[in-house]
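1. Structure, please.
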Amino acid sequence: MKNLKNEMTLTFKAISINESFARACIAAFCIQAEPSLEEITDIKTAISEAVTNCVVHAYPQKIGEVKIHVQLYDDSVVIWVSDSGIGIDNIEKAREPFYTTKPEQERSGMGFTVMESFMDYTDVIKNDDRGITVKLEKYFRTKKSCAVGGLNA
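-> Now for the predicted structure:
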């Protein structure tokens, strides 16, 4: 049984400026588990993709909310990125590399592929009511302190 070290929930508007905010918040929260710089970078990249998907695809007619819940363990982190937007009709198709529903916006269709390549586990879940939750998990293989902003965490 894993030992839950800490957890937090973050909710914000689904606007593009909040992608970098979410990335920084989640990275800062994970520092307490002493992941490597590479592991933090992987988490930040996956969070960027997950939040960007919410901003671009979940709310085409309005500005909705993105909710991120993080559970931090001694050796891993589990992150849920959720929206209550329009959802995804075909999750398996959406997970295929280069598949995009917005080619006119020059989207590459690599969001889920990027998340899967940087995290140890990725799942895409349709919410009961509406929207999508992306579950991301990263195992910390090294226990080195990471320098952030010139300060050792």
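2. Which of the helices and strands in this protein ranks last by mean pLDDT?
-> strand 151-152 (a mean of 36; mean pLDDT, DSSP states H and E).
3. so where do the strands sit in the protein?
-> 4-13, 65-73, 76-83, 121-126, 132-139, 147-148, 151-152 (DSSP state E).
4. Just the C-alpha atoms of the third one, please, in CSV.
-> Translated: strand 76-83. Output in CSV follows, covering the C-alpha atoms of strand 76-83 (Å, rounded to 0.1, in the frame of the first residue of the first chain):
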residue,chain,number,x,y,z
SER,A,76,5.3,8.8,-7.3
VAL,A,77,2.7,11.3,-8.2
VAL,A,78,-0.8,10.8,-9.5
ILE,A,79,-2.5,13.7,-11.3
TRP,A,80,-6.0,14.1,-12.5
VAL,A,81,-6.7,16.9,-15.0
SER,A,82,-10.5,17.3,-15.4
ASP,A,83,-12.9,19.5,-17.3
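5. what angle do that strand and strand 4-13 make?
-> Counting by axes from the mean of the first three to the mean of the last three CA atoms, to 10 degrees, strand 76-83 lies at 20 degrees to strand 4-13.
6. Which residues does strand 76-83 contact?
-> Residues from elsewhere that reach strand 76-83, judged by CB atoms under 8 Å, 6 or more residues apart in numbering: 2, 14, 26, 30, 33, 35, 43, 46-47, 50-51, 54, 58-59, 64-71, 120, 127, 131-140. To be clear about C-beta, it is placed using only N, CA and C from the backbone, and glycine gets the same treatment.
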